[in-house]
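Engineer: Sharing a sequence plus its predicted fold:
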Amino acid sequence: MSLVPRILNHFEESARLKLLSAELLAAPVAEAAALIVAALLDDKKVLTCGNGGSAALAQYFAAHMLNRFDMERPGLATLALSADNATLTSIANDSGFSQVFAKQILALGHSGDIFLVMSTSGNSQNVLDAIMAAHDRGMRVVAMSGGDGGDLMELLAENDIHIGIPHETTARIHEMYLLVLHCLCDSIDCLLLGAE
């Protein structure tokens, strides 16, 4: 059995999705970058999270914000809520897994901070509870989701930003998340440091 045709199909499907989504996503990504920069310039921070692969991507984004993306610059205040195993397991054990992000937001989030959340389905209860907690703290939400956006669409406020990946397959959604995060990092650097 040759896997080559199957692998080629993955490349082609991923490339097609990226090209088809460019015009759909460029404006909300630019809006999200401007929102994040405005918050950072006001001495606010970004809290970010997700589950599974989205948790890894939240940490990846935080690393680029805190350290650097393509250009040297001071670190930008960003915290991945999925990165602290002791906190996650403590909250999950005492309050249930649905509260692992919400309790952190209620403790660490302040009015004017930004909550960047990733959920491929938009239906994870811990993500939904976190969005409600962010709104309770006066935070704006940048929500990245796949498919039709799931239940999180009903929770987004008018001034929140939705970056919706028009696909149902988790692998394709995560590939798009990575590209979107790279675009966010580049746009943030561009707004802060100027384009080269």
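Structural biologist: Thanks, I have the structure now. Numbers count the residues shown, from 1 in each chain.
Engineer: Quick one: end-to-end length of stretch 38-48, please.
Structural biologist: Using C-alpha to C-alpha, to the nearest Å, one end of stretch 38-48 lies 17 Å from the other.
Engineer: List the buried residues in that stretch.
Structural biologist: 39, 40, 44, 45, 46, 47, 48 (16 or more other C-beta atoms under 10 Å). All C-beta spots, glycine's among them, are computed from the backbone N, C-alpha and C.
Engineer: Out of these, which is nearest to residue 143?
Structural biologist: residue 48 (11.0 Å; C-beta to C-beta).
Engineer: Determine the three-state secondary structure at the closest one.
Structural biologist: Taken by DSSP: H, G, I helix; E, B strand; the rest coil, the conformation at residue 48 corresponds to strand.
Engineer: Check the gap between it and residue 15 for me.
Structural biologist: Applying C-beta to C-beta, to the nearest Å, the value for residue 48 to residue 15 is 27 Å.
Engineer: just to revisit the earlier point, what's the closest of the buried residues of stretch 38-48 to residue 87?
Structural biologist: Of the buried residues of stretch 38-48, the one sitting nearest to residue 87 (C-beta to C-beta) turns out to be residue 47, at 12.8 Å.
Engineer: how close does the closest one get to residue 70?
Structural biologist: Applying C-beta to C-beta to residue 47 and residue 70 gives a distance of 24 Å.
Engineer: go on, residue 172?
Structural biologist: Taking C-beta to C-beta, one finds residue 172 at 25 Å from residue 70.
Engineer: higher neighbour count, those two?
Structural biologist: residue 172 (21 against 13; other C-beta atoms under 10 Å).
Engineer: Just give the number of residues close to the nearest residue to the more buried one once chain neighbours are set aside.
Structural biologist: Spatial nearest neighbour of residue 172, chain neighbours left out: residue 17 (5.5 Å); criterion: C-beta to C-beta, 6 or more residues apart in numbering. Residue 17: 19 surrounding residues under other C-beta under 10 Å.
Engineer: Thanks a lot, see you next time.
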